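1. any chance you can model this:
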Amino acid sequence: MEAAFARTVWQVLEPLHAVTYFAPESREANGAVGLRGFWMGYFAARAAPLGAVPAGVVEAVFFNFHPAMVRRAIPDAWGFATPGTVLRARTEAAAGALRRTTTALSAADEVDAADEVDAADVMDAADAAAEIVPLLERVVADADGAGRPLFAANRGLPTPEDRVGALWQAATTLREHRGDGHVAVLTAEGLNGCEAHVLFAACADVPAGILRDNRGWSAQDWQAAADRLTVRGLLDSGGRPTDRGRALRSHIEARTDALAVQPYRTLTPTEAAQLLGLLGLLADRVLTSGTIPFPNPMGLPPRHARA
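-> Model (predicted):
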């Protein structure tokens, strides 16, 4: 299986996972258990599989956030809601969001012939989950958890009894597997969290403010990171990526894909095509629901730009 498969599957898994950040169901659930504000909800819900860890642990595994941004939420969040309470709330809310955004899948939904999926057989998220979850769980079980703390913590959680909740949890576990590997590659290339964003924004032509403001970096932090990248020959004096900078960015993405594809090799080609087809149906419905904004700080491309 080629590494490119890992990028394609990320593009259809990420929308399913990302409802936990943007869907009203998830924001309301975080508030209902006592978490205060969007960012406390974000940090607590995403870090909850690790337990009631201190801020330093969250800073390390989340990597690209300014430490001060993390410390405004953690460890205070655990005084408002225990990790167990947060985990139950996040799964139920995400499952509800997926049900809402993927309702009424029908034969009118388009599926590429290569996906080998009969769209008429996929009527809603629960039906799709019955086919998808066994495949994803095999992939999760086959993955190597060494050096992947968020993946390993999510894999260790009980499987939700609700089928759609189980789908969301499996998607989230594999999303964190890719993310942990991406952090490992970035750090191996000597990039810190802010520098990684500056290079990405320059190479992908993403508005800097979306990344900078959503990760807690100041304009001064951003400029200092850009200056360091310029000294390394990765940006020119105008903040544009050099050939060397673009080459490094391409290497980082390619290496991330190569690390992420390993567990999917447990699937046969037919199973891999089936998985992409079903996930693609659900992802397209989530994306067309307007729940996820574009552009976004995750770097997720819009539906029409998907590989």
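2. the helices in the stretch 151-300 of the chain, which residues?
-> Along the stretch 151-300 of the chain, the segments classed as helices by DSSP state H, counting those that start in this stretch run 163-188, 193-204, 208-214, 219-231, 243-261, 269-288.
3. export the ones you listed to JSON lines and tack on mean neighbour count and mean pLDDT?
-> Heads up, the C-betas are built off the backbone N, CA and C, glycines and all. Formatted as JSON lines, the helices of the stretch 151-300 of the chain follow (neighbours: other Cβ atoms under 10 Å; pLDDT from 0 to 100):
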{"stretch": "helix 163-188", "mean neighbour count": "22", "mean pLDDT": "98"}
{"stretch": "helix 193-204", "mean neighbour count": "22", "mean pLDDT": "96"}
{"stretch": "helix 208-214", "mean neighbour count": "17", "mean pLDDT": "92"}
{"stretch": "helix 219-231", "mean neighbour count": "16", "mean pLDDT": "98"}
{"stretch": "helix 243-261", "mean neighbour count": "17", "mean pLDDT": "97"}
{"stretch": "helix 269-288", "mean neighbour count": "20", "mean pLDDT": "95"}
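4. out of these, which is closest to Leu135?
-> helix 269-288 (5.0 Å; Cβ to Cβ).
5. dump the C-alpha coordinates for the closest one into CSV.
-> Presented in CSV, the C-alpha positions along helix 269-288 are these (Å, rounded to 0.1, in the frame of the first residue of the first chain):
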residue,chain,number,x,y,z
PRO,A,269,-7.1,-3.7,-1.6
THR,A,270,-10.8,-4.4,-1.7
GLU,A,271,-11.2,-3.6,1.9
ALA,A,272,-9.2,-0.4,1.5
ALA,A,273,-11.4,0.7,-1.4
GLN,A,274,-14.5,-0.1,0.6
LEU,A,275,-13.3,1.9,3.5
LEU,A,276,-12.4,4.9,1.4
GLY,A,277,-15.7,4.8,-0.3
LEU,A,278,-17.8,4.7,2.8
LEU,A,279,-15.7,7.2,4.7
GLY,A,280,-15.9,9.5,1.7
LEU,A,281,-19.7,9.4,1.7
LEU,A,282,-19.8,10.4,5.3
ALA,A,283,-17.0,13.0,5.0
ASP,A,284,-18.7,14.7,2.1
ARG,A,285,-22.0,15.0,4.0
VAL,A,286,-20.2,16.5,7.0
LEU,A,287,-18.3,18.9,4.8
THR,A,288,-21.4,20.0,2.9
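6. show me what contacts Ala202?
-> Applying Cβ atoms under 8 Å, 6 or more residues apart in numbering to Ala202 gives the contacts 235, 239-241, 245.
7. which one of those residues is nearest Gln220?
-> Gln220 lies nearest to Gly239 out of the contacts of Ala202, by Cβ to Cβ, at 14.8 Å.
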